[in-house]
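A.B. asks: show me the folded form of this:
(one chain, ligands or ions: 1)
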Amino acid sequence: MLQSVDVGTKALEDYRAIVGDETIETIRALAEPLNGATVVHVNATAFGGGVAEMLPTLVPLMRDIGLDAHWQVIEGTDDFFEVTKAMHNGLQGMATPFTAEMQQIWQRYNELNAEKFEGRYDFVIVHDPQPAGLLRYTAGKNGRHWIWRCHIDTSAPSPDYWGFLARYIDEYPAAVFTMEQYVGPGVDFKHLALIAPTIDPLPPKNAAMNAATADASGRDYGRDDGGPLPGQARRSDPWKDPLGVIDAYRIVKERIPGVQLALVGSMASDDPEGWDYYDKTVRHAGEDYDIRILHNFQGVGGREVNAFQTAADVVIQKSIREGFGLTVTEAMWKRKPVIGGDVGGIPLQIIDGETGFLVGSVEECADKVLHLLEHPIEADRMGQAGREHIRNHFLSTHHLADYLRLFNQLLAKS
Ligand code: UDP
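C.D. replies: You can find the predicted model right below:
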């Protein structure tokens, strides 16, 4: 049996005050024809990164509105996750080798997981490349409708990796991408849906926190209240460019010596490169103790991420590739102006000049940080506009409605 992830309960009604009556009624209407439908989400990790962030909300909300929803994770050893991390890098465009041995490791673990996959569901949603071979190796026996959900930016993939993966994902009758340009060559899904990731406004990570609580939490982790704080919360990964963020901070520090930087990072269980990149980041920061580099093994969980995002004057997510960037969504929801890399799903969220700034270089990033620190009224206005943009497009209720629409469309086609 694949390992099942326990998700607890959630109630759609609890979101009414935040998203309004119309959204709740739309969801109830979409759910009606799906009453009792069985759904399973399969991914590679129960902890770390955007997918593991969203399923603990989506799965219980699906249950609350009458679907029989589940979440299972595949198994793998370090060598499998080293291969899948290389795949993640290759699919995001890094020129990295993909040997026959690596391909065999991926295939072998997908076969093993396919053998362990039990039950039969109306909808099987396979997230990301790690378990993408499940459809082929189960011969589809576990599901009536198979959906492959891609969360990464595959707009300019290394051809070796995309070519390999395309043979597997092309067998899925339906696929979900965050943006149309992520669908690479050689695949032709019968049904393609574009669905953006979202955040849950209710758990401790995103619930309203007052400034005093946020400051107190920051002090626990060595921050002093004196200087302004740009912050970044992310997985420890080169695509998130924490080294570039440090370089931008150094430029800002020449003009505002009291500035501090918080880099809050998490290690995903399916990401073996995380610690290497953490080491590189610490070395790059050197002896500058105004840079705080924290991670989940120091007790930095959802509440602490919230505290740093709330205490920050500006939030930076200067990624080089980014499937979507939930950290951007989270910070905007906390009324922060966000400076983000002009890549992947970040421009879906940051309206340049209105809710933050899109940047393409370290210098530009530093420029915009300085601008926002020196123009607090404009920064506040952008933060407010950002919150409304997230409320209108990127909360879990949108995600739920999008999945329900997709399920209804697939049922209508079959
Ligand atoms: N995150 C966290 N603790 C940290 C740093 C990040 O819980 O110390 C969370 C962050 O709040 C976000 C998720 O990890 O919800 C990262 O998702 P994102 O879409 O930004 O990137 P991904 O890791 O999926 O590439």
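A.B. asks: quick one: stretch 169-178 near the ligand?
C.D. replies: No. Stretch 169-178 stays clear of the ligand (CB under 6 Å from any ligand atom), getting no nearer than 10.0 Å. In short, each C-beta sits where N, CA and C put it, glycine included.
A.B. asks: gap between the two ends of that stretch?
C.D. replies: Separation of the first and last residues of stretch 169-178 by CA to CA, to the nearest Å is 16 Å.
A.B. asks: list the buried residues for it?
C.D. replies: Neighbour-count burial for stretch 169-178 flags I169, E171, Y172, P173, A174, A175, V176, F177, T178 (criterion: 16 or more other CB atoms under 10 Å).
A.B. asks: ok, stretch 69-83 next?
C.D. replies: Residues of stretch 69-83 classed as buried: A69, H70, W71, Q72, V73, I74, G76, F80, F81, E82, V83 (neighbour count, 16+ other CB under 10 Å).
A.B. asks: check the residues you listed one by one and keep those near the ligand.
C.D. replies: Answer for the buried residues of stretch 69-83 near the ligand: none qualify (CB under 6 Å from any ligand atom).
A.B. asks: give me the subset of those lying in strands.
C.D. replies: Of the positions in the buried residues of stretch 69-83, A69, H70, W71, Q72, V73 sit in strands, assigned by DSSP state E.
A.B. asks: how much space separates the first one from the ligand?
C.D. replies: Here the distance between A69 and the ligand works out to 21 Å (CB to the nearest ligand atom, to the nearest Å).
A.B. asks: who's in contact with the most centrally placed residue in the chain?
C.D. replies: For the chain, G50 is the residue whose C-alpha lies nearest the centre (CA atoms, centre = their mean; 2.7 Å). Contacts for G50 were tallied using CB atoms under 8 Å, 6 or more residues apart in numbering; they are H151, P197, G323, F324, L326.
A.B. asks: get me the contact residues on the stretch 1-150 of the chain for the ligand.
C.D. replies: Close to the ligand, as judged by CB under 6 Å from any ligand atom, the stretch 1-150 of the chain has residues G49, G50, E53.
A.B. asks: please repeat the previous calculation with a cut-off of 8 Å.
C.D. replies: Residues of the stretch 1-150 of the chain found near the ligand (CB under 8 Å from any ligand atom) are G48, G49, G50, V51, E53.
A.B. asks: possible to save the residues you listed as TSV with secondary structure?
C.D. replies: Shown next, in TSV, are these (DSSP: H, G, I helix; E, B strand; the rest coil):
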residue	secondary structure
G48	coil
G49	coil
G50	helix
V51	helix
E53	helix
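A.B. asks: I'd like to know which of those residues is nearest to L404.
C.D. replies: Closest to L404 out of these is V51 (18.9 Å), distances taken as CB to CB.
A.B. asks: follow-up on the earlier one: of the contacts of G50, which belong to helices?
C.D. replies: L326 (DSSP state H).
A.B. asks: from the contacts of G50, which is closest to the ligand?
C.D. replies: Within the contacts of G50, the smallest distance to the ligand is 3.5 Å, found for L326 (CB to the nearest ligand atom).
A.B. asks: excluding its backbone neighbours, what's nearest that closest one?
C.D. replies: Excluding its sequence neighbours, the residue lying closest to L326 (CB to CB, 6 or more residues apart in numbering) is G50, at 4.8 Å.
A.B. asks: any idea how far the one you found is from G323?
C.D. replies: 7 Å (CB to CB, to the nearest Å).
A.B. asks: shared neighbours of the two, anything?
C.D. replies: Shared contacts of G50 and G323, defined by CB under 8 Å, 6+ apart, comprise H151, P197.
A.B. asks: what comes up buried for stretch 156-169?
C.D. replies: Across stretch 156-169, burial judged by 16+ other CB under 10 Å covers P157, S158, D160, Y161, W162, F164, L165, A166, Y168, I169.
A.B. asks: ok, now which ones touch the second one?
C.D. replies: In this case it means S158. By CB under 8 Å, 6+ apart, S158 lies in contact with G90, L91, G93, M94, A95, T96, F98.
A.B. asks: same list (the residues you listed) but as TSV, adding secondary structure, neighbour count and distance to L2.
C.D. replies: Formatted as TSV, the contacts of S158 follow (DSSP: H, G, I helix; E, B strand; the rest coil; neighbours: other CB atoms under 10 Å; distance: CB to CB, whole Å):
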residue	secondary structure	neighbour count	distance to L2
G90	helix	24	26
L91	helix	25	23
G93	coil	18	31
M94	coil	16	29
A95	coil	8	33
T96	coil	14	28
F98	coil	18	26
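A.B. asks: ok, so of those residues, who is nearest V7?
C.D. replies: Nearest to V7 among the contacts of S158, with distances taken as CB to CB, is L91, at 27.7 Å.
A.B. asks: the closest one touches Y161, doesn't it?
C.D. replies: Yes. Between L91 and Y161 there is a contact under CB atoms under 8 Å: 5.0 Å.
A.B. asks: before we move on, back to that, quick one: which two of the buried residues of stretch 169-178 are the most distant?
C.D. replies: The largest separation in those, counting by CB to CB, is between E171 and T178 at 21.0 Å.
A.B. asks: follow-up on the earlier one: now tabulate the residues of the stretch 1-150 of the chain next to the ligand in JSON lines and tack on pLDDT and distance to V305.
C.D. replies: Below are these laid out as JSON lines (pLDDT from 0 to 100; distance: CB to CB, whole Å):
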{"residue": "G48", "pLDDT": "86", "distance to V305": "13"}
{"residue": "G49", "pLDDT": "83", "distance to V305": "13"}
{"residue": "G50", "pLDDT": "88", "distance to V305": "13"}
{"residue": "V51", "pLDDT": "94", "distance to V305": "17"}
{"residue": "E53", "pLDDT": "93", "distance to V305": "10"}
